[in-house]
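1. This is a predicted model, with the sequence first.
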Amino acid sequence: MKFFVDTADLNEIKDLAATGLLDGVTTNPSLVAKSGHSNFIDLIKDICAIVSGPVSAEVAATDFDTMMAEGLYLSKIAKNIAVKVPLTPAGLKVCKVLSDQGTQVNVTLCFSAAQAILAAKAGATFVSPFVGRLDDIGESGMQLIADICEIYRAYPNFKTEVLVASVRSPMHVVEAAQLGAHVATIPPNVIRQLFTHPLTDKGLAQFVTDWAKTGQKILPDGVQPLKTRA
Ligand code: G3P
């Protein structure tokens, strides 16, 4: 399963990319506004230089002609751009044209299996079902992921990857993985939660204490930790 980070915060992206576990980045207009960056194009360029995997950059327009021009412009920023378009008739039309030209496209704001079928037929690289927002209105986000995965598996000619979005907790990530979703795009705080367990902290503290009692060290004299090596 691939992990994308769902943020437009450059410091967060740099920090998480350093873990070696980041496969891509997704942004959206709300995340760009939250980041406070005043130049979207420069921001996307910077993100593409940090992460080699797909970086989703979303069009701002909603009409076909402008979305198409924006999509073409964004696609030229870097090789790893995935143009993000909304799941509307015009958005899917843009998706088809760009996908046919070899550009990666992420179709966003997917809330039904029917919409996901359309995205696959339009040749999307990724479809982004928003699980948290469905949970918010009393529906089951994970049921939607199960439905889409089942449908896509039945049609091997559908090459679209299921990119689980609007992830709110580690359980969303685990359940998405159990269902075989290809990608989860995860907010930075939730990625950090994935690493933690109180028994890991407790166990490590015990190991550190017990090791100190042995009076031993692993590194011979003169061998320094990586950061302090000349
Ligand atoms: O990438 C878009 C999606 O992840 C938004 O999440 O939390 O605003 O519903 P959220």
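-> Everything's here; your move.
2. Could you list the residues in contact with the helix ranked longest in the chain?
-> Ranked by number of residues, the top helix in the chain under DSSP state H is helix 198-214. The contact list for helix 198-214 (C-beta atoms under 8 Å, 6 or more residues apart in numbering) is empty. From N, CA and C alone the C-beta is placed, and that goes for glycine too.
3. now that helix: mean pLDDT?
-> Summarised as a single mean, pLDDT over helix 198-214 is 98.
4. And it, how far out from the chain middle?
-> 34 Å (C-alpha atoms, centre = their mean, to the nearest Å).
5. what does stretch 115-134 give?
-> 14 Å.
6. mind checking how far the residue of the chain positioned farthest from its centre is from V223?
-> For the chain, the largest distance from the centre (C-alpha atoms, centre = their mean) belongs to G215, which lies 44.8 Å off. Distance, G215 to V223, using C-beta to C-beta, to the nearest Å: 18 Å.
7. just the helices in the chain please.
-> Using DSSP H, helices in the chain cover 10-17, 29-35, 40-50, 64-75, 89-100, 113-121, 131-136, 141-154, 170-178, 188-195, 198-214.
8. Tell me which of these lies nearest to E161.
-> When these are ranked by distance to E161, counting by C-beta to C-beta, first place goes to helix 141-154 at 8.6 Å.
9. and that closest one, what does it pack onto?
-> Here helix 141-154 touches helix 113-121, strand 126-129, helix 131-136, strand 161-164, helix 170-178, going by 3 or more C-beta pairs under 8 Å, 6 or more residues apart in numbering; DSSP states H and E.
10. So which residues on this protein come close to the ligand?
-> Within the chain, the residues that sit near the ligand (C-beta under 6 Å from any ligand atom) are 6, 26, 28, 130, 132-133, 165-166, 185.
11. ranking the helices and strands packed on helix 141-154 by burial, who's on top?
-> Among the helices and strands packed on helix 141-154, the stretch with the highest mean neighbour count (mean count of other C-beta atoms under 10 Å) is strand 126-129, at a mean of 29.
12. What helices and strands are in contact with that one?
-> Using 3+ C-beta pairs under 8 Å, 6+ apart: strand 126-129 touches strand 104-110, helix 113-121, helix 141-154, strand 161-164.
13. Report the separation between the spatially closest residue to T160 that is not a sequence neighbour and the ligand.
-> Leaving aside its chain neighbours, T160 sits nearest to A120 (4.2 Å; criterion: C-beta to C-beta, 6 or more residues apart in numbering). Distance of A120 to the ligand, computed by C-beta to the nearest ligand atom, to the nearest Å: 19 Å.
14. Quick one, grab the pLDDT at A120.
-> pLDDT, A120: 98.
15. returning to that earlier point: kindly reformat the helices of the chain as a markdown table containing distance to A82.
-> Shown next, in a markdown table, are those (distance: least, C-beta to C-beta, whole Å):
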| stretch | distance to A82 |
| --- | --- |
| helix 10-17 | 15 |
| helix 29-35 | 15 |
| helix 40-50 | 10 |
| helix 64-75 | 9 |
| helix 89-100 | 10 |
| helix 113-121 | 13 |
| helix 131-136 | 19 |
| helix 141-154 | 18 |
| helix 170-178 | 19 |
| helix 188-195 | 19 |
| helix 198-214 | 34 |
